[in-house]
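Peer 1: Structural data only, the sequence is not supplied:
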């Protein structure tokens, strides 16, 4: 390209769409206003087909090229916000108390809308572009829901691509890696039940706090002593609740946390060892335990050929020196992983500049990234589907 005049001309309008979405954040699958805006605009642009209700509240637009038949590729953006009170002072600050777009999904949605606008106007490709607007990335598994709802088969998607903004990466830069890019994310809760009583008579009690403390320490040996040092894993106990007074040994203690890994076999091993450690340490302390373990998002694995292709597209736009290839993986999670399990594809990061970090109350998507992101999507389609 790199950035064509038409996309540069659209940038200000796309920013207005983004700021409107930012001002009206919605959670999980309840993205009815956002999905309605997306649907209206896709129809207005002239998409050949616009389908709502995929994965509950997801929206899909189909754009056919004017150069004849060809493959079908999917482009995905997420629409949901987070339950975080906004601490910015921007004019378009959230109108919904306690909610904000603290992860940039407003920007992701707006950039893909901008690409849909450009692609419907030009149609300079042979084949089909499927633009995918997904709900509930932030913990709801909207990507899984869309795949289970027949997204890939119904729209004959052969490859699928995703993009996420990255604070700290300069605007006008991209970053990507083949293979595991983001970790799996599983959640656990454990309730340890002993026998409560007076703190002055611990011998008459079975102390669940002591058992819980031993469990917290023992769980750390999964990463430090049971998984190879170069095999990344995180086992974090993030909540420990017990007791009501300083002179009472409580009846129960409650632990919650997360386990994250970059390999499926490591993930499975950690789950097995978690159960063994919690159950046996509780028993050693004469406590009973109940465990609720939820398998969360899988590892986000970029396919090699598609990653190489996405990298070259990014280089065509911003230059090879501004595309970081082979970056280290991160232990955050992303439910685009479900789409990459269903079809080959790649997930790339786009620079957001020196902004607050993701999920921070002062975060805001950088509108200067819009023409770069829209250009990436447009170039991706026109390169993947040449006429």
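Peer 2: Done, it's in. Bear in mind the structure is a predicted one, so any value in this text is a computation, not a measurement.
Peer 1: List phi and psi for residue 140.
Peer 2: The phi/psi pair for residue 140 (degrees, to the nearest 10) reads phi -90, psi -10.
Peer 1: Surely it is in contact with residue 31?
Peer 2: No - in this structure, residue 140 is not within contact of residue 31 by C-beta atoms under 8 Å, at 10.1 Å. C-beta: built from backbone N, CA, C; applies to glycine.
Peer 1: Three-state assignment for the spatially most central residue of the chain, please.
Peer 2: Nearest residue to the geometric centre of the chain (C-alpha atoms, centre = their mean): residue 334, 2.9 Å. Counting by DSSP: H, G, I helix; E, B strand; the rest coil, the backbone at residue 334 sits in coil.
Peer 1: Relative to residue 78, how far out is it?
Peer 2: Distance of residue 334 to residue 78, given as C-beta to C-beta, to the nearest Å: 9 Å.
Peer 1: Likewise for residue 25?
Peer 2: The value you get for residue 25 to residue 78, if C-beta to C-beta is used, is 12 Å.
Peer 1: More neighbours: which of those two?
Peer 2: residue 78 (29 against 26; other C-beta atoms under 10 Å).
Peer 1: Wasn't residue 259 part of a strand?
Peer 2: Yes - assessed with three-state DSSP, residue 259 lies in a strand.
Peer 1: So it sits against residue 232, correct?
Peer 2: No - with contact defined as C-beta under 8 Å, residue 259 does not count as touching residue 232 (11.8 Å).
Peer 1: So between the two, which is more surrounded?
Peer 2: Neighbours around residue 259 and residue 232, counted as other C-beta under 10 Å, are more numerous at residue 259. The numbers are 25 against 19.
Peer 1: Bridge partners for that one, pull those for me.
Peer 2: residue 186, residue 235 (DSSP bridges).
Peer 1: Give me the mean pLDDT for the helix ranked longest in the chain.
Peer 2: Ranked by residue count under DSSP state H, the longest helix found in the chain is helix 264-284. Per-residue pLDDT over helix 264-284 has a mean of 98.
Peer 1: Also stretch 64-81?
Peer 2: Computed over stretch 64-81, the average pLDDT equals 96.
Peer 1: what comes up buried for that stretch?
Peer 2: By neighbour count with 16 or more other C-beta atoms under 10 Å, stretch 64-81 contains the buried residues 64-65, 70, 72-81.
Peer 1: related to what we said a few turns ago, mutual contacts of residue 334 and residue 78, please.
Peer 2: With contacts taken as C-beta atoms under 8 Å, 6 or more residues apart in numbering, the residues that reach both residue 334 and residue 78 are residue 137.
Peer 1: give me the low-pLDDT residue ranges for this structure?
Peer 2: Within the chain, the stretches with pLDDT under 70 are 1.
Peer 1: Okay, helices next: where are they in it?
Peer 2: 5-23, 32-45, 105-122, 142-148, 151-154, 208-221, 264-284, 304-318, 337-342, 370-384.
Peer 1: So which other helices or strands are in contact with the last one?
Peer 2: Where contact means 3 or more C-beta pairs under 8 Å, 6 or more residues apart in numbering; DSSP states H and E, helix 370-384 is packed against helix 5-23, strand 72-78, helix 105-122, strand 159-166, helix 304-318, strand 345-351.
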